[in-house]
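Undergrad: Next one to model:
(chains A and B)
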Amino acid sequence: MAEFEPRIIVFACNWCTYAAADIAGTNRIQYPPNVRIIRVMCSGMVAPEHISLALESGADGVLVAGCHPGDCHYISGNLKAEERVQMVSKVTNMLGIEEERVRLKWIATSEGTIFAQTIRDMVEELKKLGPSPFRESRQVSQEKPALDLEDILQETKAYYCLECSKCTSICPVAKYDSSCSPRSVIEDVALGLERESTRDKKLFSCLGCYACSLRCPTDVDFPAFVQRVRALAFGADEHGCPAHGGFLHSVTRLMARSPYKQKRLGWLTKEYRVSDNSDILYFVGCAPYFDPVFQYLELRTLDITEASLKILNHLGVEPMLLPDEKCCGHDALWTGDTETFQRLAEHNTRVIREAGIKKIIFSCPEGYRTFKLDYPKYGFKLDCELQHISEFVAGKMGEQELKLKEFRKKVTYQDPCRLGRHLGIYDSPRQLLQAIPGIELAEMEKNREYALCCGTSAFTNCDLYSHEMRVGRLQEAKATGAEILVTDCPKCQIHFRCAMNNKGEEKGPDINIEVMDLAKLVADALE
Amino acid sequence: MENEKKVGVYICHCGLNIAGTVDVAELAKYAATLPNVVISRDYRYMCSDPGQDLIKNDIKELGLNRVVVASCSPRMHELTFRKACQSAGLNPYLYEQANIREHCSWVHADKKQGTKKAKDLVRAAVQRVCYHEPLEVKEIPVNPNTLVVGGGIAGIEAALKLANGGHKVYLVEKEPSIGGHMIQLDTTFPTLDCSECIMTPKMSEVGHHPNIELLAYSEVEEVSGSVGNFKVKVKKKARYVDEGKCIGCGICEQKCPWKVPSEFEMGLGKRVAIYIPFAQAIPNVATIDKDHCVYIQSGGKKCGACIKFCEAGAIDFDQTDQIIELEVGAIILATGYDLLDPSQIPQYGYGRYDNVITALEFERMTCAAGPSSGKIQLKDGRVPQSAAIIHCVGSRDKNYREYCSKICCMYALKHAHHLREKINADVYEMYIDMRCTGDGYEEFYERVSAEGVVFIKGKVAEVTDRAITEEEKGKLVVVAEDTLLGRLVRIPVDMVILCPAMIPRADAGEVARMFSITQKATGFFLERHAKLEPQVSAMDGIFLAGCCQCPKDIPDSVSHGRAAAAAALEIIDRGSVVTEAAIACVDKTLCHGCGICEDICEFRAAKVILKGGRMISTVNEALCKGCGVCAVACPSGAMSIKHFTRDELSTMVKALAPVENG
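TA: From the prediction side, this is the model:
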């Protein structure tokens, strides 16, 4: 068998490293032909998703190369590149990918020999590591889902649509973006306009918030319908516009296909008691992966995880954490990537079954929903009880007392769509809130099943309208006079914080309010 | 179909340069099989006229709407082939080049491997070129006027060069007269020529120049616009003297009874409330210091001596600050530097001991036109027998300023020379390292060394008046270690001269914000490139001159000022600025107006504005350089860089990362 030849993708800055590679050529400095150079104007142009996409596509190594600090043609683009590569490395290291596979190096124009040597060194190193496992498992082309429009209409009862348009009138997206209409999406599909339906970017604006289904007189499951049509669109290589450059989606795809052992529990300290013998699993979800990405929002999603563990420990529960759990697949499923979703669901159900788990506790409503509703639908069955942390704690409150300090604050509560309308859980979070002495709960105008969504779902089509929804919701929260907006979905928190993130000189409307996760609030109040 | 992509692929042999290691015929055959490719050719020299004609003919005859050439580096011939496309009527940005020479045939010997790699590169280029969009460059006309801020030597040089070149210059100076620090100096190293003598002709040229409009006693208040078309608001502060009438006779100064320490004389001399800062001031008109004028402070009830005695009738207490609006195409900042206040370093006793003075105070003291008529003297009027000159007061010191102030070693030598020459005093130079790196500087060091100056290598620990020996009584004792001898020294002297660090102007931060430029860690203004563009700020059309960028001596400030003028001339004489084509653009539906792009852009090209009741980012096409830093930072994906969109780069990645393809 021929020796393994690694493939290296180099993102080379036009002003230095690309020119250095040119100089290597002019001076006939030989180096192995394993490298493919992509010319960028500045290393600061290389986005995290380009690096992860290269890995996903089977590259054995990625090199981002730019000007030495102080020499950037654009002043500081190289330093931005450094921050981004560090961020990507944090994530890829967590995924278990060897750190040698992602590198950053400063190579100046004159350093043709250094360029050639860098490539030689990388080739040697990568040969030692062996081929990237993603060479084999990469997503080659989407198989068209077995479903067709006909099936989708049947399955989601969309045939019954009366075109009354109550859905459109209640749809939070349509309220801001008049070109959005659940009714007309159904109409296109019913007319058999597959190309039009799947190419419609607005298809990806639906939040799956279930506000429409609440009003539908004929019980059409529009979110499920959208989920299915998106799978068709995905098969035709149609996507919405991914937020954060699609890096999060790319990480999910990598995770789904990765044989590596993750290092996702690096944050876990002795402060929290967990047990490998417990039959209760606490599902950590994506929090460790979110943290490096959302650092710019000054948000630490692991605070929610740690708070949840603190509460569970307080109640005498030492849950099991699975170092090998993967993303639940929620976002993959809701962006039409059913293949990735199924890989993740298969993995999670297998490792959970093998661990002999009887109960799973979630902090993240999306994970909860996906396990509870989507896994069985796709044939991934688990014989366990599933609970949201608020349900679990509320359930315990009867038998065990939570020792809570007084916390004199006026708060309001955001019902996450996945927890509220999807799963009907409205009371337990409120019970928990009110168990804290001194807390005054002021409900927003639209609450419980009428609550408005935080404005973005599955990190897709995070557009102006999405922003306006968030602003609208935050204004509602402020109108209650509350000091804190409590929610129990990490993504609600991300999206609200993002809406408040006004960095430019001009400032938008004053919508600043402290946003906090319910678990964090409760954990902080524990004596 | 309208949108059908028709790609032509051209493989260059480059003689044997490429054909030696890449099977070009095979490569051309391969390219022909790629989607959207309608013609694929190989040719000996694509950059030759017949080579380019192949492309031009195919564009016309086959209706190509995309072209890929696989040849040398795009840094070599991208422009050549873009022009070829353009001359055949194809937008030049619908072109892509695969580098199969420098990045392939020249660095790999194995023909099979070389051909395989070349196929990958061509495939990626073909896939990417389909995403290219036609782009246009824009030309923005340039206002030929220039604003120079700061009338020190660097600003004066810049202004004169531009004005002599026939261009209108507005020179704004915040003090009553131009001249800056240089006009305060007695002599200049290493030639020891009198500073005033070389400076005043320049100042007077500025004052009389038909192309220079001098706005002294004025400050910039607001700057808007961008390269080629800045709008600047300047506040002309009220002098309470009509500049048109005042003839600078100085009678008012003789009559005004209200004395205050003179800023120009570093407090060593006095001026009155109505004053001309120094004899050769330009403009040579009086200014009333309203904080010390009793007439103004008493609401016109007291004094008024100047009104009575001014024969020209120039006194005008009704004057108010005026706002003048200027339109200029380029701006040169020559705002200079401040000196570190040595009282921040208490161990040197500045402000506590009368005879610890700064080097600039010493300049005024030795200057024949200064308050002591050039007499070097102690506070009590005695002539000092000895003096210590302490280098690096706050420079090269992490507690104060880490950098070297560059000029102090040299002026310290100059002061030593004057102390030896004029009063034959014993002089001790207390230094860390002697840095004498300019033309004739080392020779000057040699000369002063030979004059009997004592050099002690050691940072001074303290200056004290506590004598421990008889000899030290009544003296200032300079305590240091002579590191060359490895022993502590206590040197009793009459006078201590401090060489304080040159620091950014106190308002440098405010100025940087106003002009949308950046400061370095030192606080000085950041240049675009430390070596190649030290006179250019990050903001297009705004240039830097003199010590506002970093400490400089006079020759360097002069060169820097002229370099800044040349940079301004470059855009003025061209008459227009051409924008980059591959720049950032905003998707209006996706943008939230969060302003992350505005924050991260080094060129102030991205800006969030309130438009149609919403916050939205906009890109100033004249400023954007197309680096793409904003596009990566944009959370929603609203910002993208033309020609390097996410799709284009992803396509390249997907084409090049997998191994089994091709």
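
Undergrad: Wait, a helix at residue A:332?
TA: Yes. Assessed by DSSP: H, G, I helix; E, B strand; the rest coil, residue A:332 belongs to a helix.

Undergrad: what's the spacing between residue A:250 and residue A:57?
TA: From residue A:250 across to residue A:57, the span is 10 Å (C-beta to C-beta, to the nearest Å). The way it works is simple: take the backbone N, C-alpha and C, and place the C-beta from them, glycine included.

Undergrad: actually residue B:354, not the one I typed
TA: Distance, residue B:354 to residue A:57, by C-beta to C-beta: 76 Å.

Undergrad: what's the answer for residue B:158, then?
TA: 53 Å.

Undergrad: which ones are touching residue B:189?
TA: Contacts for residue B:189 (C-beta atoms under 8 Å, 6 or more residues apart in numbering or on different chains) come out as B:410-411, B:413-414, B:441, B:444, B:553.

Undergrad: ditto for residue B:503
TA: Neighbour list for residue B:503: B:337-340, B:394, B:401, B:523 [criterion: C-beta under 8 Å, 6+ apart].

Undergrad: Am I right that it is in a strand?
TA: Yes. The assignment for residue B:503 is a strand, going by three-state DSSP.

Undergrad: can you give me the helices in the stretch 401-527 of chain A?
TA: Ranges of helices in the stretch 401-527 of chain A, per DSSP state H, counting those that start in this stretch, are A:427-435, A:464-479, A:490-500, A:518-525.

Undergrad: what is the mean pLDDT for the first one?
TA: Rounded to a whole number, the mean pLDDT of helix A:427-435 is 94.

Undergrad: For the single nearest residue of the stretch 251-400 of chain A relative to chain B, the count of nearby residues, please.
TA: Closest approach between the stretch 251-400 of chain A and chain B, counting by C-beta to the nearest C-beta: residue A:296, at 7.5 Å. For residue A:296, the count of nearby residues is 15 (other C-beta atoms under 10 Å in any protein chain shown).

Undergrad: Give me the neighbour count for the spatially closest residue to it that is not a sequence neighbour.
TA: The shortest distance from residue A:296 to any non-neighbouring residue, by C-beta to C-beta, 6 or more residues apart in numbering or on different chains, is to residue B:596 (7.5 Å). Neighbour count for residue B:596, taken as other C-beta under 10 Å: 24.

Undergrad: List the contacts of residue B:596.
TA: When contacts are counted by C-beta under 8 Å, 6+ apart, residue B:596 touches A:296, A:501, A:503, B:630, B:633-635.

Undergrad: List just the nearest of the contacts of residue B:503 to residue A:322.
TA: Closest approach between the contacts of residue B:503 and residue A:322, by C-beta to C-beta: residue B:523, at 52.2 Å.

Undergrad: my read: that closest one touches residue B:501, true?
TA: No. Shown here, residue B:523 and residue B:501 do not form a contact pair, counting by C-beta atoms under 8 Å, at 11.1 Å.

Undergrad: Which of the two has more residues huddled nearby?
TA: residue B:501 (26 against 15).

Undergrad: so what's the more buried one up against?
TA: B:339-340, B:392-395, B:397, B:400-401, B:403, B:405.

Undergrad: Looking at those residues, state which has the most neighbours.
TA: Greatest neighbour count in the contacts of residue B:501, by other C-beta under 10 Å, goes to residue B:393: 28 neighbours.

Undergrad: can you tell me which of the contacts of residue B:501 lies nearest to chain A?
TA: Closest approach to chain A among the contacts of residue B:501 (C-beta to the nearest C-beta): residue B:403, at 14.4 Å.

Undergrad: how about that closest one, secondary structure?
TA: The three-state assignment at residue B:403 reads coil, by three-state DSSP.

Undergrad: quick one: which of residue B:354 and residue A:57 has more around it?
TA: Neighbour count, other C-beta under 10 Å: between residue B:354 and residue A:57, residue A:57 has more, with 24 against 13.

Undergrad: From the contacts of residue B:501, which land in strands?
TA: Assigned to strands by DSSP state E, the following of the contacts of residue B:501 qualify: B:339, B:392-393.

Undergrad: Chain A next: which of these are close?
TA: For chain A, no contacts are drawn from these by C-beta under 8 Å from any C-beta of the partner chain.

Undergrad: Not counting stretch B:424-433 itself, show me its contacts.
TA: Stretch B:424-433 has contacts (C-beta under 8 Å, 6+ apart) with B:376, B:383-392, B:396, B:409, B:412-413, B:416, B:419-420, B:452-460, B:478, B:480, B:491, B:493-495.

Undergrad: do that again at 6 Å, thanks
TA: Under the criterion C-beta atoms under 6 Å, 6 or more residues apart in numbering or on different chains, residues B:384-392, B:412, B:416, B:419, B:453-456, B:459-460, B:480, B:491 lie in contact with stretch B:424-433.

Undergrad: how far does it sit from the chain's center?
TA: Relative to its chain's centre, stretch B:424-433 lies at 34 Å (C-alpha atoms, centre = their mean, to the nearest Å).

Undergrad: Need the mean per-residue confidence for that stretch.
TA: 97.

Undergrad: What of stretch B:535-549?
TA: Throughout stretch B:535-549, pLDDT has a mean value of 94.

Undergrad: what's the span of that stretch, first residue to last?
TA: Terminal residues of stretch B:535-549 are spaced 8 Å apart (C-alpha to C-alpha, to the nearest Å).

Undergrad: try stretch B:340-355
TA: Start to finish, the residues bounding stretch B:340-355 are 18 Å apart (C-alpha to C-alpha).

Undergrad: Could you tell me which residues within it count as buried?
TA: Neighbour counts using 16 or more other C-beta atoms under 10 Å in any protein chain shown place B:340, B:342, B:345, B:348-350, B:353, B:355 of stretch B:340-355 among the buried residues.

Undergrad: Also stretch A:266-281?
TA: A:268, A:272, A:274, A:278, A:280-281.

Undergrad: Which of those residues fall in strands?
TA: The strands, defined by DSSP E, take in A:280-281 from those.

Undergrad: near chain B, which residues of the stretch 101-250 of chain A show up?
TA: A:241, A:243-244 (C-beta under 6 Å from any C-beta of the partner chain).

Undergrad: Please name the residues that touch residue B:640.
TA: Each residue near residue B:640 by C-beta under 6 Å, 6+ apart is listed here: residue B:631.

Undergrad: host element of it?
TA: Taking DSSP states H and E as the definition, residue B:640 sits inside strand B:639-641.

Undergrad: spatially speaking, which residue is in the middle of the chain?
TA: In the absence of a named chain, chain A is used. residue A:248 (5.3 Å; C-alpha atoms, centre = their mean).

Undergrad: wait, chain B
TA: residue B:544 (2.9 Å).

Undergrad: partners of that one in the sheet?
TA: Counting by DSSP bridges, residue B:544 is bridged to residue B:333.

Undergrad: wait, it sits on residue B:537?
TA: Yes. At 5.5 Å, residue B:544 counts as touching residue B:537 under the criterion of C-beta atoms under 6 Å.

Undergrad: mind listing what the residue in the stretch 401-550 of chain B positioned nearest to chain A touches?
TA: Scanning the stretch 401-550 of chain B for the residue nearest chain A gives residue B:538, at 5.5 Å (criterion: C-beta to the nearest C-beta). Going by C-beta under 6 Å, 6+ apart, residue B:538 touches A:75, B:518, B:528, B:602-603.
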